[in-house]
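A.B. asks: I'd like to go over a predicted model; first the sequence, then the structure.
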Amino acid sequence: MQVIGVMVIMVSLFSLLMLPDCKLYEIHQDYIVLYNRHDKSECFIIYYEDMVSWHYEWNPSYDQLVISLVDGSVEKQEVYAKYRIEKWLNSLAPGKQAKKNYRK
């Protein structure tokens, strides 16, 4: 029982100290909003019709959502909820998930 308590405390401390306390993105019916972590007054709106593909990259320090756009640009956003993002983007932007899960 003590081991479980220690694990709960460790996960709680990790969440408090390591995860950002700001909104990183919002998913809407027609678009996704990516928020700038450095300047909270800025955001980037991407309509699903402007997406060529997207994929989720795992990194040791943080994960990121990588979105390729029709104009050839690539937007990267730090994220922490892989399964929730995959679920929403697969339902709202079907067929746009890249076939492989790329790593750096």
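C.D. replies: Yes, it's here.
A.B. asks: residue closest to the middle of this structure?
C.D. replies: With distances taken as CA atoms, centre = their mean, residue 79 lies nearest the centre of the chain, 3.1 Å away.
A.B. asks: quick one: the lengthiest helix in the chain to chain centroid distance?
C.D. replies: Criterion DSSP state H: the longest helix present in the chain is helix 2-18. Its chain's average C-alpha position is 23 Å from that of helix 2-18, according to CA atoms, centre = their mean, to the nearest Å.
A.B. asks: just to revisit the earlier point, and the residue nearest to the centre of the chain, backbone torsions?
C.D. replies: Note on residue 79: its backbone torsions stand at phi -140, psi 170 [degrees, to the nearest 10].
A.B. asks: tell me the spacing between it and residue 69.
C.D. replies: Taking CB to CB, to the nearest Å as the measure, residue 79 falls 17 Å from residue 69. Heads up, the C-betas are built off the backbone N, CA and C, glycines and all.
A.B. asks: quick revisit: now the longest helix of the chain: average pLDDT?
C.D. replies: For helix 2-18, mean pLDDT rounds to 78.
A.B. asks: next helix or strand past it?
C.D. replies: Next helix or strand after helix 2-18 toward the C-terminus (DSSP states H and E): strand 25-27.
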